[in-house]
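Student: got a structure for you, letters missing:
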């Protein structure tokens, strides 16, 4: 991760500071062996996307979404939702209770950078980073200005947001706030009814608010401090499944996330100390079923990193991170449960030969789980530039995931004797620079990956309740392709095209308890996914066409039942207006143009055609 003390240009009297150049070996940009997918911040600048929608439209990630605004979890390369890490400003946000992160709760408008790193990252980011890692960053900005946003859409959707940044000589501040509401009573075809009637979604209204505060303070030419504070709350009604006539259930989610880090940079050595505090609260109520549940968790994280530049070719890094998770829930017998996870990690980033055509990264992590050492986690990545047009990459890595607090302590069913999931991953890739000219650029990434996980944790029926067991060995493997084309036809007309394709076979290769599942595809893992985005830019107009495809998803472990494949087409038209140093932008968007009836999760309908529109104003000094 590159940390820069940005110079300011607000007035001639401002002090221009030397930029910081601390680049951690753990930064996704520093791993030469893994495929990385950047999502342009233009996609979320003023559009009311959740992180679930943003990833689903612009990446190969499969997002398992129960319905718009409800639980949405990512899956990369055929792994489970708990096998994808979500890292915000260097902090892993995966829940200590269930190992997941609900992406529908995260407005993309809060973040400035989006990057997906496909492949194993456990040696760098710890438990759960098996299929890949999603990085989202917020920053304090480098100019003074104000942005106001108003978005509207089908079925009572409304969202307002404001973004205020202040930049002075040594301090930058940025405050973002948002508020949204949605009746969410969209139309859908009830395919569970013999007549397939057109119905409205019921008990699905939502509202949410939140704010984020970023601070960057330059103390001297060598020392900087930055911090982020993020508070959010939402209230969601939980709609019924297709075969149930009504629902009165609702859920309230509240979170507080804070992180601060102190950075020192010398000529050859850098040091960073970070602390983070994560608090999550989920309250679920269903008066019809007489269910009321309150789940609360807290995580405390302390991290130290030392980076040493050995010479022009080699950078060495050593760090220690300590994570303490605490949670209480009715499912734990109203008793607080605790999990301690200290870890040490080290890495060596190297450039070989005079022309630096070969880069390598060796990483080693030793993690402890409740005072028990997990097998050391090595990872080796390498890339080689054959010529100006062809480059090769690859990685071999160990992986792991510790049981969550729910896995260990939930009553009834929790299993305190669970073993951590362990495994290994390898991949290889080829990048072709197809076109390089003054007006056009095009590159094609091809790759193959294989990921095997032992002691896969699965909740299985054991008498009158379900319990997690180490029953499976799972092997996910497949091939992927990423194509990018961008260029200008003339001074006013430009075209951008991106396309991501992925074929995945993720099967059980060992299951002593349920041998009939051996050789079967994991549930809710599509065998093929793709998404493509064509953007046509003319003057200050931008026209986007987005296509997403998801193959069949099995909903039973023996693959006897599945949800059919579906194609979704979306389009949007936006216009930028510039008056002096003030800026405005407006957009109109149609979703599911073809009025396709589909389900991502069985008996959870998705909307037919909907629209969204919005406008933003940006004022700079």
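Tutor: Structure's in. What do you need? Remember, predicted model here, so these are calculated numbers, not experimental data.

Student: the closest residue to residue 102 other than its chain neighbours: what's it in contact with?
Tutor: In space, and not counting its chain neighbours, residue 102 is closest to residue 71: 5.5 Å by CB to CB, 6 or more residues apart in numbering. For glycine as for every other residue, the C-beta is placed from the backbone atoms N, C-alpha and C. Counting by CB atoms under 8 Å, 6 or more residues apart in numbering, residue 71 makes contact with 65, 102, 104.

Student: let's see it at 10 Å
Tutor: 52, 64-65, 81, 100, 102-105, 236, 238, 251, 601, 604 (CB atoms under 10 Å, 6 or more residues apart in numbering).

Student: residue 570: how many residues sit nearby?
Tutor: 21 (other CB atoms under 10 Å).

Student: for it, give its distance to residue 217.
Tutor: Between residue 570 and residue 217 the computed distance is 41 Å (CB to CB, to the nearest Å).

Student: where exactly do the strands run in the stretch 101-250 of the chain?
Tutor: Using DSSP state E, counting those that start in this stretch, the strands found in the stretch 101-250 of the chain span residues 113-118, 132-137, 145-153, 157-167, 171-182, 187-189, 198-200, 206-218, 223-237, 250-265.

Student: before we move on, what about the stretch 301-450 of the chain?
Tutor: Along the stretch 301-450 of the chain, the segments classed as strands by DSSP E, counting those that start in this stretch run 314-329, 337-352, 358-369, 372-373, 377-385, 390-401, 421-436, 440-462.

Student: where does the chain have low pLDDT?
Tutor: In the predicted model of the chain, residues 1-22, 42-46 satisfy pLDDT under 70.

Student: quick check, central residue of it?
Tutor: residue 134 (3.5 Å; CA atoms, centre = their mean).

Student: got the contact list for the closest residue to that residue other than its chain neighbours?
Tutor: Leaving aside its chain neighbours, residue 134 sits nearest to residue 86 (5.0 Å; criterion: CB to CB, 6+ apart). Taking CB under 10 Å, 6+ apart, we find residue 86 in contact with 51, 73-74, 92-95, 100-101, 103, 106, 125, 128-129, 133-136.

Student: kindly report the same for residue 389.
Tutor: 431, 432, 433, 434, 435, 436, 443.

Student: mind redoing it with 8 Å?
Tutor: So residue 389 contacts 432, 433, 434 (CB under 8 Å, 6+ apart).

Student: okay, the angle between the helix or strand that contains residue 616 and strand 145-153?
Tutor: In the assignment (DSSP states H and E), residue 616 maps to strand 610-620. In terms of direction (axes from the mean of the first three to the mean of the last three CA atoms, to 10 degrees), strand 610-620 departs from strand 145-153 by 170 degrees.

Student: give the other helices and strands that strand 610-620 contacts.
Tutor: Under the contact criterion of 3 or more CB pairs under 8 Å, 6 or more residues apart in numbering; DSSP states H and E, strand 610-620 touches strand 145-153, strand 582-591.

Student: circling back to that earlier point, pipe the strands of the stretch 101-250 of the chain into a markdown table and attach distance to residue 491 per row.
Tutor: Below are the strands of the stretch 101-250 of the chain laid out as a markdown table (distance: least, CB to CB, whole Å):
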| stretch | distance to residue 491 |
| --- | --- |
| strand 113-118 | 29 |
| strand 132-137 | 33 |
| strand 145-153 | 28 |
| strand 157-167 | 31 |
| strand 171-182 | 34 |
| strand 187-189 | 44 |
| strand 198-200 | 48 |
| strand 206-218 | 37 |
| strand 223-237 | 40 |
| strand 250-265 | 42 |
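
Student: tell me the phi and psi of the residue lying closest to residue 420 once chain neighbours are set aside?
Tutor: Leaving aside its sequence neighbours, residue 420 sits nearest to residue 402 (CB to CB, 6+ apart; 4.8 Å). Main-chain torsions, residue 402, degrees, to the nearest 10: phi -80, psi 150.

Student: what about residue 402, how many neighbours?
Tutor: With other CB under 10 Å as criterion, residue 402 counts 26.

Student: which ones are touching the closest residue to residue 239 other than its chain neighbours?
Tutor: Of all residues not flanking residue 239 in the chain, residue 204 sits nearest, at 4.2 Å (CB to CB, 6+ apart). Contacts were defined as CB under 8 Å, 6+ apart; by that measure residue 204 touches 67, 69, 70, 183, 184, 185, 186, 237, 238, 239.

Student: residue 417: how many residues sit nearby?
Tutor: 8.

Student: state the distance from it to residue 401.
Tutor: In this view, residue 417 and residue 401 are 16 Å apart by CB to CB.

Student: contacts only, for residue 37.
Tutor: Residue 37 makes contact with 58, 59, 60, 115, 116, 118, 482, 500, according to CB under 8 Å, 6+ apart.

Student: make sure residue 557 is indeed in a strand.
Tutor: No. Applying DSSP: H, G, I helix; E, B strand; the rest coil, one finds residue 557 to be coil, outside a strand.

Student: and it, what is it in contact with?
Tutor: Residue 557 neighbours (CB under 8 Å, 6+ apart): 508, 514, 516, 517, 520, 523.

Student: how close does the nearest residue to the last one once chain neighbours are set aside sit to residue 262?
Tutor: Of all residues not flanking residue 523 in the chain, residue 554 sits nearest, at 5.3 Å (CB to CB, 6+ apart). Applying CB to CB, the value for residue 554 to residue 262 is 49 Å.
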